[in-house]
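In: Based on what follows, work out the 3D shape:
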Amino acid sequence: MQKIMLSGKIHCARLTACLLDYEGSLEIDPDLLAEAGILPYEKILVVNRTNGERLETYAIPGRPGSRVFCLNGPAAHKGKVGDVITVMAFSICSEEEAAKIAPTVIVLDENNEIIMRKGRVCA
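Out: Residues are numbered from 1 along each chain as shown. Reported below is the predicted structural model:
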């Protein structure tokens, strides 16, 4: 049997932009993606704590160091600048792998700077 397990998470990110005229996805600073163990173009679940919206999309790498979180295309309707979101990536694991998984989790402050790391720490 296989399990779908949380493998990477960015908690308490603030949306920095929402651009409707774009093909879609969530643009994220690649430095933060790496810290959370999320790959560019990986499928993600985005939960908006401010308004309760949820969406599945993929992570597009933005400019390194920008601390950007930009909802693009139709997803731009799911939030506004300043909304607090959580970004999660999941991996398919065997039962044995699932029993040992320790997701990489980063928690951000109001400026999208890392204030806490939990789980597996990226090298």
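
In: Helices of this structure, residue ranges please.
Out: Secondary structure of the chain (DSSP state H): helices at 30-36, 95-100.

In: wait, which of the ones you listed is closest to Met5?
Out: Each of these has some distance to Met5 by Cβ to Cβ; the shortest is helix 95-100, at 5.1 Å. No exception for glycine: its C-beta is placed from N, CA and C like everyone else's.

In: Remind me what the worst-scoring helix or strand of the chain on mean pLDDT packs against, helices and strands.
Out: Counting by mean pLDDT, DSSP states H and E, the chain has its least confident helix or strand at helix 95-100, which shows a mean of 90. With contacts taken as 3 or more Cβ pairs under 8 Å, 6 or more residues apart in numbering; DSSP states H and E, helix 95-100 sits against strand 2-14.

In: and the strand it packs on, what does it pack onto?
Out: Strand 2-14 packs on helix 30-36, strand 84-94, helix 95-100, strand 104-108, going by 3+ Cβ pairs under 8 Å, 6+ apart.
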